[in-house]
Every structure is written in C-alpha cells, then in structure tokens.
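> Requesting a structural model of the entry that follows:
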Amino acid sequence: MPDRLPESRVPDSWDAPPLRWGIAGPGWIAERFAASLQQHTRQVLAAVGSRSTDRSAGFAGRLGIPAAYGSYRELAEAPDVDIIYVATPHNHHHRVALEALEAGKHVLVEKPICINAEQAEEIAALAESKGLLATEALWTFFLPKFDVVRQLLDEGYLGQVVSVMAEYGEHFEPGHRIFDGSLAGGPLLDLGTYPLALITALLGDPEEVRALGTSHPSGVNGQISAVMRFPDGAHAVTNTNLYGFTPTVATVVGTQATLTIDGPFNFPGGFSVKSHDGRELRYDAEPGEHLEGLHYQAAAVARALAAGRREVVERPLAESIRCLRLADELRRQIGIRFPDEAPQASAATLLNQ
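Next up is the predicted model:
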C-alpha cells in the first residue's frame, strides 16, 4: 500500500468548455442538476422540454432558462441546443434519448440509462451510427473521490478484489413515483443501480446469481437481496429496499487491503483504505448532496466532446449495459416485469451476452 493516497485528477468544473444544454423532464433531479451547473460550471442552460408547456415554462422561469417547449420532440429539434440531459421517469429514457439522437443531439441520460439492457444497447447503437455521445448520468463515478478509488484499483494497491458488499435502502412517503408500477417503480432502478453499478464495474459479469425479493403492499417490489459469484472466484452481496434508510456503505475486500467507502457511498464524502498489516489511509472530503456533485458529470461530458471523444472514461456505455444485464437477471429470478417489456430471456442468455 502507498504511503499516501493519490491526488484526484478531476479538473475544476469551471474549466470545462461550455455546451448549450437542453433539459428533458423538469422534475426533482433536473432542478438539482440545473442548479449545480449554474453554481459550479460555465455550462449554458439553453432550453427545457416537457409534455406540459406550463411545467416547462415554470421550470424555465425559476431557473432563468430562455426557452421552454411543450414536447420532447420540439426540444430535440431546437437549433440552439448541443446536448440533452434526459431526466424523465425511467420508462421514458429510451424513447426520449432515441428521439434526441435522431435529431443529432448528444445525450446524458439519468440513471438508469434505460429500464433494461436491450433498450440501452439500442441507444448505444444509434449513438455510434450517428457519431454522437450517449452517456449514463451516474454521478457517483464522476466524483473526485471515485477518481482516487479508481487509481488505487488500477495500481493494484488492494491486490486481487475478492469480495464487494454494497447496499442502498431509503424510506419514501406514500404517493412517491417509486410505488408506481407503470413508471418502473420499486427500489431496483432508483437505488439498486448504485450498488449494482459498483459491483459490475469492479468485477464484470457474474457467472452465478441468486436473488430474493419481497413485494410491497403497493404492488411493486419492496426489497431485493442478491449474492453473486464471478469467474475468478470473487463474490458480491447486495440489498436494496424502499422501506427504510440503511448505512449505504460499500466495502471492497482485496488480498492486500480493504477499501471502505463512507455512507452514503454514492454521494460526495470520504473513504478509508486499511492494509492487512494494520496500516490505514484516509480520504477526507466534505459530505455533500446533489448540488455539490452533479456538475462533475456535465463537465466531463463537455471535456470529452471538446476533445473529439464520443464516450467518457468515467462511465462507458458498455458498463451501463453490463449493469442492466445484471438487473435484468435479478428481475427475471424474482418475477418483476415492467410494462411494455418484451418477454425476458433466460438466465444463461442474459449472463453470457
């Protein structure tokens, strides 16, 4: 283990070249994304689109955005927009992103990028054919602390990773969209994306998965737990639920050291690395919320496009698709199917794609 931790290589978001952003879906996360950009970057909020002109106009008025449209298609075709941030409900990500790409716009799509891997593969294929960037807005992986974690892993300071444990549970008041099955409700996509993304980014595709689920009285899934085995013998354990708050800690065990990311691990904050001979290093960062963290993903996208790249290293599309393949398999085992989905493939097909 090193004597000290590496420094984060994430540049100041103010230094990223500005893009003209359109926001599709003026909801809770979109408002925080817009405010984060306004406070921490030179990015330009050019337009907002919604199925309701009144909602778009209200959002634009609150945040000083010059243009408001009453449809996602109008937003996609707006001439003064370079890239669209898709922040609609999960089950609309696929259609809105494809519409934007067809109109020649880059897209940053809120997590999960789609509700299943097949949809994500369609977005990836269209973006490639059009020469456009499409990226999942999984903000965690763009945070400075995760760049330090990435360096520790890349340099092999943990040794071989043999176990990953990550979970995320939260309480929601009645009436929240997470209880709406027609909106792909349940904890898996809203919360479970974070631990599943961490697990698959570190370990790849599992060769064996065992999942358990519990239904919620609202009709959606209320809790999922899973254990996984990977080709090199590594294991992962996860839980996600909508009943109550959990520590949301992530632990990565290696043959030389153990990494423990403070909860909530997916937010700005700190972590510890402890070697098996007792040495410990600490990364201390002020805990933060979305306002302090969402701007990093927009800045990374802007830098990538300025450099002529059509993908970001922090969250390649292949990793987003891999994460959704695992989520698809968990749902298959538990019997969760979202509205309008095609019949689910077998476990062997999903895990060996």
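> just the strands in the stretch 1-150 of the chain please.
Using DSSP state E, counting those that start in this stretch, the strands of the stretch 1-150 of the chain run over 20-24, 44-49, 67-69, 83-86, 106-110, 134-137.
> Just tell me which of these ends up closest to Asp277.
When the strands of the stretch 1-150 of the chain are compared by Cβ to Cβ, strand 134-137 sits nearest Asp277, at 38.1 Å. No exception for glycine: its C-beta is placed from N, CA and C like everyone else's.
> in its sheet, what does that closest one sit against?
Sheet pairing of strand 134-137 (DSSP bridges) gives strand 106-110 (parallel).
> Touching the partner strand from outside, list them.
With Cβ atoms under 8 Å, 6 or more residues apart in numbering as the test, strand 106-110 has contacts from 29, 82-88, 93, 97, 100-101, 123, 127, 132-137, 297-298, 301, 305.
> Out of those, which end up buried?
29, 82-88, 93, 97, 100-101, 123, 127, 132-137, 297-298, 301, 305 (16 or more other Cβ atoms under 10 Å).
> Break this structure down into its domains, please.
13-139, 141-287+313-351 (automatic domain parsing).
> Off-centre distance for the shortest one?
Relative to its chain's centre, domain 13-139 lies at 15 Å (Cα atoms, centre = their mean, to the nearest Å).
> in the stretch 51-200 of the chain, what spans have low per-residue confidence?
For the stretch 51-200 of the chain, no stretch has pLDDT under 70.
> With the stretch 201-350 of the chain instead?
In the stretch 201-350 of the chain (pLDDT under 70), the answer is 342-350.
> Where do the helices of it begin and end?
For the stretch 201-350 of the chain, the helices defined by DSSP state H, counting those that start in this stretch cover 290-293, 295-306, 317-334, 347-351.
> if we compare the ones you listed, which one ends up closest to Val44?
Closest to Val44 of the helices of the stretch 201-350 of the chain is helix 295-306 (Cβ to Cβ; 10.3 Å).
> Need the residue in the protein that's farthest from the chain's center.
Asp277 (34.7 Å; Cα atoms, centre = their mean).
> quick one: contacts for that residue?
Under the criterion of Cβ under 8 Å, 6+ apart, Asp277 has no contact partners.
> which residue packs closest to the residue nearest the centre of the chain, ignoring adjacent ones?
Nearest to the mean C-alpha position of the chain, by Cα atoms, centre = their mean, lies Leu138 at 2.4 Å. If the residues on either side of it in the chain are set aside, Leu138 comes closest to Lys111, at 4.5 Å by Cβ to Cβ, 6 or more residues apart in numbering.
> And for that neighbour, the neighbour number?
Other residues near Lys111 come to 23 when the count uses other Cβ atoms under 10 Å.
> quick one: it and Glu136 touch, right?
Yes - the pair Lys111 / Glu136 is scored as a contact, 5.5 Å apart, by Cβ atoms under 8 Å.
> thinking again about what came up before, so the residue nearest to the centre of the chain versus Pro112, what's the distance?
Distance, Leu138 to Pro112, using Cβ to Cβ, to the nearest Å: 8 Å.
> Overlap in contacts, these two.
If you check Leu138 and Pro112 against Cβ under 8 Å, 6+ apart, the residues they both contact are 193, 320.
> Provide a list of residues in contact with the nearest residue to Met228 once chain neighbours are set aside.
Leaving out its chain neighbours, the residue that sits closest to Met228 by Cβ to Cβ, 6+ apart is Pro206, at 4.0 Å. With contacts taken as Cβ under 8 Å, 6+ apart, Pro206 has the following neighbours: 228-230, 236, 326, 351.
> List only buried entries from these.
Judged by 16+ other Cβ under 10 Å, buried ones among the contacts of Pro206: 228, 230, 236, 326, 351.
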